[in-house]
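Trainee: Have a look; sequence and predicted model below, questions after that.
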Amino acid sequence: MSDCIFCKIAAGQLPSSKVYEDDEVLAFHDIHPFARVHILIIPKLHVATLADCTPEHERLLGRMLLLAPRLAKEQGLDAGFKTLINTGRGGGQEVFHIHVHVFGGGDPVDRS
(Lines give C-alpha, C1' and ligand atoms only; values in the text may rest on other atoms or scores of the structure.)
Protein backbone atom coordinates (compact mmCIF):
# COMPACT_ATOMS: atom_id res chain seq x y z
CA MET A 1 0.00 0.00 0.00
CA SER A 2 1.51 3.28 -1.11
CA ASP A 3 0.46 5.27 1.97
CA CYS A 4 1.34 2.66 4.62
CA ILE A 5 4.34 3.70 6.73
CA PHE A 6 5.21 0.08 7.60
CA CYS A 7 5.10 -0.93 3.92
CA LYS A 8 7.52 1.92 3.22
CA ILE A 9 9.82 0.76 6.04
CA ALA A 10 9.66 -2.85 4.79
CA ALA A 11 10.51 -1.68 1.26
CA GLY A 12 13.51 0.31 2.53
CA GLN A 13 11.94 3.63 1.53
CA LEU A 14 11.98 4.88 5.13
CA PRO A 15 14.73 4.23 7.70
CA SER A 16 14.34 2.03 10.75
CA SER A 17 16.55 0.63 13.50
CA LYS A 18 16.40 -2.97 12.27
CA VAL A 19 17.03 -5.85 14.62
CA TYR A 20 15.96 -8.63 12.22
CA GLU A 21 14.99 -9.12 8.60
CA ASP A 22 14.27 -12.05 6.31
CA ASP A 23 12.18 -12.53 3.16
CA GLU A 24 8.86 -12.39 5.04
CA VAL A 25 9.27 -10.28 8.18
CA LEU A 26 11.10 -7.27 9.53
CA ALA A 27 11.69 -6.27 13.16
CA PHE A 28 12.84 -2.86 14.33
CA HIS A 29 12.89 -0.61 17.39
CA ASP A 30 9.71 1.41 17.97
CA ILE A 31 10.31 5.17 17.66
CA HIS A 32 7.98 5.79 20.62
CA PRO A 33 8.96 3.01 23.05
CA PHE A 34 6.79 1.90 25.97
CA ALA A 35 9.80 0.28 27.66
CA ARG A 36 13.60 0.16 27.55
CA VAL A 37 13.28 -2.47 24.80
CA HIS A 38 10.36 -2.05 22.41
CA ILE A 39 10.51 -3.87 19.09
CA LEU A 40 7.88 -4.12 16.36
CA ILE A 41 7.66 -7.27 14.24
CA ILE A 42 5.88 -6.71 10.92
CA PRO A 43 5.19 -8.89 7.91
CA LYS A 44 6.45 -7.53 4.61
CA LEU A 45 3.07 -8.50 3.18
CA HIS A 46 0.49 -5.81 3.87
CA VAL A 47 -2.35 -7.05 6.08
CA ALA A 48 -4.21 -4.25 7.83
CA THR A 49 -5.28 -5.96 11.08
CA LEU A 50 -5.31 -9.30 12.85
CA ALA A 51 -9.04 -9.42 12.08
CA ASP A 52 -8.17 -9.39 8.36
CA CYS A 53 -6.04 -12.52 8.62
CA THR A 54 -7.25 -15.75 7.06
CA PRO A 55 -6.00 -19.34 7.24
CA GLU A 56 -3.49 -18.48 4.50
CA HIS A 57 -1.72 -16.20 7.02
CA GLU A 58 -1.33 -18.92 9.66
CA ARG A 59 2.31 -19.71 8.89
CA LEU A 60 3.26 -16.03 8.74
CA LEU A 61 1.57 -15.29 12.08
CA GLY A 62 3.31 -18.27 13.66
CA ARG A 63 6.65 -17.10 12.26
CA MET A 64 6.13 -13.63 13.78
CA LEU A 65 5.15 -15.00 17.20
CA LEU A 66 8.02 -17.49 17.32
CA LEU A 67 10.44 -14.71 16.45
CA ALA A 68 9.34 -12.66 19.49
CA PRO A 69 11.12 -14.70 22.22
CA ARG A 70 14.28 -14.97 20.14
CA LEU A 71 14.49 -11.21 19.63
CA ALA A 72 13.54 -10.53 23.25
CA LYS A 73 16.42 -12.71 24.42
CA GLU A 74 18.84 -11.07 21.96
CA GLN A 75 17.80 -7.67 23.38
CA GLY A 76 18.53 -8.76 26.95
CA LEU A 77 14.99 -9.51 28.12
CA ASP A 78 15.96 -12.79 29.80
CA ALA A 79 13.63 -12.20 32.76
CA GLY A 80 10.57 -11.89 30.52
CA PHE A 81 8.78 -9.63 28.11
CA LYS A 82 5.33 -8.61 26.91
CA THR A 83 3.74 -8.99 23.50
CA LEU A 84 0.82 -6.97 22.18
CA ILE A 85 -1.19 -6.90 18.95
CA ASN A 86 -3.60 -3.97 18.80
CA THR A 87 -6.49 -4.72 16.44
CA GLY A 88 -8.67 -1.98 14.97
CA ARG A 89 -9.25 1.56 16.16
CA GLY A 90 -11.19 0.33 19.19
CA GLY A 91 -8.24 -1.89 20.09
CA GLY A 92 -5.77 1.00 19.99
CA GLN A 93 -4.27 0.25 16.58
CA GLU A 94 -2.68 3.36 15.06
CA VAL A 95 -0.82 1.95 12.05
CA PHE A 96 -3.05 -0.28 9.96
CA HIS A 97 -0.43 -2.87 9.03
CA ILE A 98 -0.45 -5.81 11.43
CA HIS A 99 2.44 -5.74 13.89
CA VAL A 100 3.50 -7.42 17.10
CA HIS A 101 4.90 -5.26 19.89
CA VAL A 102 7.62 -6.96 21.96
CA PHE A 103 8.65 -4.95 25.00
CA GLY A 104 10.13 -5.07 28.48
CA GLY A 105 13.07 -4.11 30.62
CA GLY A 106 11.62 -1.17 32.53
CA ASP A 107 10.98 2.41 31.55
CA PRO A 108 12.15 3.66 28.15
CA VAL A 109 15.53 5.29 27.82
CA ASP A 110 15.31 9.02 27.12
CA ARG A 111 16.62 9.30 23.54
CA SER A 112 16.28 13.09 23.25
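Mentor: Received it, and whenever you're ready, just let me know what you need.
Trainee: from here on, contacts and neighbour counts on C-alpha atoms
Mentor: Fine.
Trainee: Distance check, Ile41 against Pro33.
Mentor: Ile41 sits 14 Å away from Pro33, going by C-alpha to C-alpha, to the nearest Å.
Trainee: swap in Ala11?
Mentor: For Ala11 relative to Pro33 (C-alpha to C-alpha), the value is 22 Å.
Trainee: between those two, which one's more packed in?
Mentor: Per other C-alpha atoms under 10 Å, whichever of Ala11 and Pro33 has more neighbours is Pro33, with 19 against 11.
Trainee: ok, so what distance separates the more buried one from Val102?
Mentor: From Pro33 across to Val102, the span is 10 Å (C-alpha to C-alpha).
Trainee: for the chain, which strand is longest?
Mentor: The single longest strand within the chain, with elements called by DSSP state E, is strand 37-43.
Trainee: Outside of it itself, list whatever touches it.
Mentor: Residues outside strand 37-43 that contact it (C-alpha atoms under 8 Å, 6 or more residues apart in numbering) are 6, 24-30, 60, 64, 68, 75, 77, 97-105, 108.
Trainee: And the next helix or strand past that strand?
Mentor: helix 58-74 (DSSP states H and E).
Trainee: Quick check: pLDDT value at Asp30.
Mentor: We note a pLDDT of 96 for Asp30 in this prediction.
Trainee: and it, what does it touch?
Mentor: Contacts for Asp30 (C-alpha under 8 Å, 6+ apart) come out as His38, Ile39, Leu40.
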